[in-house]
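A.B. asks: Below are the sequence and a predicted model for it; my questions follow.
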Number of protein chains: 2
Amino acid sequence: MDAKSVEEFQEQIGIKFHEPSRLWNAFIHSSYANERRMSKDKNNERLEFLGDAVLELVTSNYLYRTYQKESEGKLSKIRASLVCEPTLAGCARDINLGKYVLLSKGEDMTGGRSRDSILSDAFEAVIGAIYLDQGIETATKFIETYLFKDVENKVLFFDAKTNLQEIVQGEGKGRLKYVLVGEEGPDHAKIFTVEARLGENVIGTGSGHSKKSAEQHAAFEAIKRHKK
Amino acid sequence: MDAKSVEEFQEQIGIKFHEPSRLWNAFIHSSYANERRMSKDKNNERLEFLGDAVLELVTSNYLYRTYQKESEGKLSKIRASLVCEPTLAGCARDINLGKYVLLSKGEDMTGGRSRDSILSDAFEAVIGAIYLDQGIETATKFIETYLFKDVENKVLFFDAKTNLQEIVQGEGKGRLKYVLVGEEGPDHAKIFTVEARLGENVIGTGSGHSKKSAEQHAAFEAIKRHKK
């Protein structure tokens, strides 16, 4: 165990572990464990298994209480927008988790530290470690701090195109459409730019690595402008 | 709310609710709510959403601690054998939940009270209601009492054919096979009987409504005999 990195990470998240080795365990990606011929129960997947369940309960409980008049179907949809790989990877980036994960040389050289799947899994493993070491209350606070901040925007963004459609529907200002207005960069790293238009008016602009992602950003932009 | 049935059910599970209406809510199947034109948030699906997450955490935590040397893959497999419709429906039957669920006339007349899907969902809703009213500790005790009793057998049964294959593999006593030895009853309610044989020896016999189910019972029978 690298005591210094564990110490540093604890300071960063403001939690002092009774058994710091649990946190270390959360850093161990399967590729690192394989490379060092560690047994299968030593990588962070067991903690991820536990953390995933903690995350599910804390999120469900939060949504159950926050959205008292919504059906189960709507709650499930909102939960899916919060507990999903890109959102969890974003949380992992907020606590700089990429710096601490332990990867095989191969994974490290091919950009594993910034890969959504690795970051998202490690974030769940950290939640599992906190739950195991500190209990449900500290784990809940951690999740509230990093996942539930800005929750309204995360929910709106997840299903932005549907949300925007619902908003403009009743207004009678014309048909909503998405128009591709730019493509830049080389083929393997192209950036698309899309405008959301209502009739002739541009109501939002967004960019992304796919047309779909650019449309989502454009819709989200339009929603935010509409709310002002 | 039918106070008497809520009272009776509370006595049966040995939990006194602060707000008994939460328990009543857990009984309300969507068909009953639809028939009475209740709004969508009034059926038991919101509580099922919550209870499902409670069940997931309590089970994951239990397995994490009980099977300390198993990989995440094995833990997920065991969890799937516990948190599955037939097992949860069995728990619901143990607490006589079919008597209390509120169904539309149509669902009631077509045997809804003994349907696995309805019972399993209502069992999760009851867990959600207990969690909401009493907190995680009481919910955990409830799950331990009804779901984790006889856990070893539930796990063995779930994957009985694979488990039996693994047991006999090293013994060199011949090839394992399943032989259909009986079919009884009318077409829509046929009962199949299957023998598990190792070489020429019958090592287990089982019956079921499908060949697959009969084989599973035969394998489970053989495992139990083998362990004695």
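C.D. replies: Structure received. Quick caveat: nothing in here was measured; it's all calculated off a predicted structure.

A.B. asks: Give me every residue in chain A lying close to chain B.
C.D. replies: If contact is defined as C-beta under 8 Å from any C-beta of the partner chain, the residues of chain A in contact with chain B are A:39-41, A:45-46, A:48-50, A:52-54, A:56-57, A:59-61, A:64, A:68-73, A:75-76, A:132, A:136. For every residue, glycine as well, the C-beta is placed using N, CA and C.

A.B. asks: Buried subset of those, written for PyMOL?
C.D. replies: One line in PyMOL is enough to select the buried ones among these; burial here means 16 or more other C-beta atoms under 10 Å in any protein chain shown:
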select buried, chain A and resi 40+41+45+46+48+49+50+52+53+54+56+57+59+60+61+64+70+71+72+75+132
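
A.B. asks: so how far is chain B from residue A:33?
C.D. replies: For residue A:33, the distance to chain B (C-beta to the nearest C-beta, to the nearest Å) stands at 11 Å.

A.B. asks: ok, which stretches of chain A are strands?
C.D. replies: Taking DSSP state E, the strands of chain A run over residues A:176-184, A:191-198, A:201-208.

A.B. asks: hmm, which helix or strand of chain A has the shakiest average pLDDT?
C.D. replies: Of the helices and strands making up chain A, the lowest-confidence element is helix A:151-158, at a mean of 78, by mean pLDDT, DSSP states H and E.

A.B. asks: Now do the same contact list for residue A:52.
C.D. replies: Residues in contact with residue A:52, defined by C-beta atoms under 8 Å, 6 or more residues apart in numbering or on different chains, are A:124, A:128, B:60.

A.B. asks: Compile those residues into CSV and extend it with columns for distance to residue B:30.
C.D. replies: Formatted as CSV, the contacts of residue A:52 follow (distance: C-beta to C-beta, whole Å):
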residue, distance to residue B:30
A:124, 32
A:128, 34
B:60, 28
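
A.B. asks: out of the residues you listed, which are inside helices?
C.D. replies: Cross-referencing the contacts of residue A:52 against helices under DSSP state H gives A:124, A:128, B:60.

A.B. asks: wouldn't the last one be in contact with residue B:79 here?
C.D. replies: In this case it means residue B:60. Yes. With contacts counted by C-beta atoms under 8 Å, residue B:60 reaches residue B:79, the gap being 6.4 Å.

A.B. asks: Residue A:219: which of the ones in helices among the contacts of residue A:52 is nearest?
C.D. replies: residue A:124 (28.5 Å; C-beta to C-beta).

A.B. asks: Tell me who's in contact with the residue lying closest to the closest one once chain neighbours are set aside.
C.D. replies: Excluding the flanking residues, the one nearest residue A:124 by C-beta to C-beta, 6 or more residues apart in numbering or on different chains is residue A:51, at 3.9 Å. Taking C-beta under 8 Å, 6+ apart as the criterion, residue A:51 is in contact with A:123, A:124, A:125, A:126, A:127, A:128, A:129, A:131.

A.B. asks: residues contacting the residue most central in space within chain A?
C.D. replies: The centroid of chain A falls nearest to residue A:87 when counting by C-alpha atoms, centre = their mean (1.3 Å). With contact set as C-beta under 8 Å, 6+ apart, residue A:87 has these partners: A:81, A:147, A:154, A:158.

A.B. asks: Good, wrapping up.
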